[in-house]
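Colleague: Return atomic coordinates for the entry below.
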Amino acid sequence: MLNAGILIAVVLCGSLLFYPRIANAPLWRATITPLASIIGSGFLVLGPILEVNFGLYAPLVMLALVVVAYLFGSAIRFNIGRIDAVAHRPRAVERIEPLASAVLAFAYIISVAYYLNLFGAFGVSLTTLDDAYHARLLTSAVFLLILIVGWSKGFSALERMEQVSVGIKLAIIAGLLFGLGVHFAKTAQSGALIFNPATVSGWPALTLIFGLIVTVQGFETSRYLGHSYDAKTRILSMRLAQNLSAMIYMVYIVLLAYVFAPGTMALNETSIIDMMQIVAPILPLLLVAAALSAQFSAAVADTSGSGGLIAEVSGNRISPRLAYAVLVVFGLFLTWTSNIFEIIAYASRAFAAYYAIQAGIAATSAWFGRDLPRFAVFAPLAVLGVVIAAFGQPVE
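Modeller: Model (predicted):
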């Protein structure tokens, strides 16, 4: 019955998302890109990480992550509005913008390694080849496929997969939340909720949280959709994407944090599969399907974005094709020298550096515009971004 209920939830949500009036609505189309990025890869790994490390405090940590992400998003939204509203921005801002683009391009390079290493891990997770070596082989093969496609034909054909894969992923998440909700209700009704103690605290806990920023990253993509949407739509869609993703994440973590005993599973990149096997047999299959489609489309999008940014920052001295080659070489290096949790921490620090620069740009614009209340928010936010970039640590 639970399996049937989960499938019904998936079908109903999928039908709603693919309903033409919704799927083709300009605001939803503008929202889908940042929303897909925010609750993509992070959704698969964040739940087990928070549950194992923070126990009953996991929802509070999740709340802290979404609040910090929302504040960084507010700085980027302010910058989007200023670009549209002000003819001549301060010279300091104009000088910092290329640095922000360069840092974002580097962050994308790491994020592609993050996405494809998750792709490899989930790709072998339900097979007899479920080990780190074969996961890395699969990741390497997909890296080479992306290089061949990007070098020879470009990504236009692959990029058309994005909206379909996003719809599938969100529908499966709806099924996952339905299954978790039923499991949570049954556990609560029997008086068997579990309140695990945190296993990390103090400075190590804080640096671990810093290293998880990438799991709520993705809202910044709205900043670069100016060729398709006006500033008002991008600001509104980013806010909507962050609000929706925050609600989904909070519900997910609350339902997950109090129903699994310590030692239920080993903490690794596919722990969510072991956890969901306990909830309903159908969920692991659905999660693997969501993971493969989501990670591949996200990797294609970030590869394309990184190539374009590198070409732009270098004044076209580095072509997108050469940038794809650099990305693949760097990604293969990370794949064979680092584990997924280390790559997550590297990506978090890179995106935190980008957010620090964007907050710095917002603070500078607010200062020159004599908007002291916003300056008082954005300046400390820029400092926080630097701290996160300097001290974020991986899960051990």
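
Colleague: which residues in the stretch 1-150 of the chain form strands?
Modeller: Under the criterion DSSP state E, counting those that start in this stretch, the stretch 1-150 of the chain contains no strands.

Colleague: Low-confidence ranges, this protein, go.
Modeller: Within the chain, the stretches with pLDDT under 70 are 84-89, 153-163, 396.

Colleague: May I ask you to name the longest helix in it?
Modeller: helix 91-124 (DSSP state H).

Colleague: Now that one: buried residues?
Modeller: Across helix 91-124, burial judged by 16 or more other Cβ atoms under 10 Å covers 93, 96-97, 100-124. Every residue, glycine included, has its C-beta placed from N, CA and C.

Colleague: Ok, stretch 363-373 next?
Modeller: Of the residues in stretch 363-373, A363, T364, S365, A366, W367, D371 count as buried by neighbour count, 16+ other Cβ under 10 Å.

Colleague: which non-adjacent residue is nearest the third one?
Modeller: Spelled out, it's S365. Sequence neighbours aside, R82 is the residue nearest to S365 in space, at 5.0 Å (criterion: Cβ to Cβ, 6 or more residues apart in numbering).

Colleague: what about that neighbour, neighbour count?
Modeller: Other residues within reach of R82, judged by other Cβ atoms under 10 Å, total 19.

Colleague: how far away is it from I76?
Modeller: 11 Å (Cβ to Cβ, to the nearest Å).

Colleague: Now the common contact residues for these two.
Modeller: In terms of Cβ atoms under 8 Å, 6 or more residues apart in numbering, R82 and I76 are both contacted by the residues A362.

Colleague: wait, which of the buried residues of stretch 363-373 is closest to V383?
Modeller: A363 (9.6 Å; Cβ to Cβ).

Colleague: is it true that the closest one touches A382?
Modeller: Yes - here A363 reaches A382: they are 5.7 Å apart, a contact under Cβ atoms under 8 Å.

Colleague: helix, strand or coil for G191?
Modeller: coil (DSSP: H, G, I helix; E, B strand; the rest coil).

Colleague: Now for it, how many residues are close by?
Modeller: Count around G191 with other Cβ under 10 Å applied: 6.

Colleague: same thing with P204?
Modeller: When neighbours are defined as other Cβ under 10 Å, P204 has 13 of them.

Colleague: Roughly how far does it sit from N117?
Modeller: Applying Cβ to Cβ, the value for P204 to N117 is 24 Å.

Colleague: Return the set of buried residues in stretch 239-253.
Modeller: The neighbour-count check on stretch 239-253 (16+ other Cβ under 10 Å) flags R239, L240, A241, Q242, L244, S245, A246, I248, Y249, V251, Y252, I253 as buried.

Colleague: between the residues you listed, which is closest to L287?
Modeller: Set against L287, the nearest of these by Cβ to Cβ is Y252 (12.5 Å).

Colleague: for that closest one, what are its contacts?
Modeller: Contacts of Y252 by Cβ under 8 Å, 6+ apart are F43, G47, L176, L177, L180.

Colleague: Repeat the analysis, applying 6 Å as the threshold.
Modeller: If you count contacts by Cβ atoms under 6 Å, 6 or more residues apart in numbering, Y252 has none.

Colleague: In three-state terms, label it for me.
Modeller: Following three-state DSSP, the label given to Y252 is helix.

Colleague: So P197: helix, strand or coil?
Modeller: coil.

Colleague: Name the nearest residue to it, ignoring sequence neighbours.
Modeller: Nearest non-adjacent residue to P197, counting by Cβ to Cβ, 6+ apart: G55, 5.2 Å away.

Colleague: how near is that neighbour to P48?
Modeller: In terms of Cβ to Cβ, G55 sits 12 Å off from P48.

Colleague: which of those two has more neighbours?
Modeller: Per other Cβ under 10 Å, whichever of G55 and P48 has more neighbours is P48, with 25 against 19.

Colleague: And that one, how close does it get to P262?
Modeller: Using Cβ to Cβ, P48 is found at 12 Å from P262.

Colleague: which phi and psi does the nearest residue to N53 once chain neighbours are set aside have?
Modeller: Spatial nearest neighbour of N53, excluding adjacent residues (Cβ to Cβ, 6+ apart): V200 at 5.1 Å. When read as degrees, to the nearest 10, the backbone of V200 gives phi -130, psi 150.

Colleague: Could you give the number of residues near V200?
Modeller: For V200, using other Cβ under 10 Å, the count is 17.

Colleague: what do you get for the one 3 residues further on?
Modeller: Each residue near W203 was counted by other Cβ under 10 Å, and the total is 10.

Colleague: Is it inside a helix or a strand, and which specific one?
Modeller: helix 202-210 (DSSP states H and E).

Colleague: any residues touching that helix, and which ones?
Modeller: When contacts are defined by Cβ under 6 Å, 6+ apart, helix 202-210 is touched by residues I388, F391, G392, Q393.

Colleague: And that helix, how far out from the chain middle?
Modeller: Counting by Cα atoms, centre = their mean, to the nearest Å, helix 202-210 is centred 19 Å from the centre of its parent chain.

Colleague: do stretch 113-120 as well
Modeller: Centroid separation for stretch 113-120 versus its chain: 12 Å, with Cα atoms, centre = their mean.

Colleague: The closest residue to S37 other than its chain neighbours: what's it in contact with?
Modeller: Distances taken as Cβ to Cβ, 6+ apart place G218 nearest to S37, at 2.4 Å, with adjacent residues excluded. Taking Cβ under 6 Å, 6+ apart, we find G218 in contact with P34, S37, I38.
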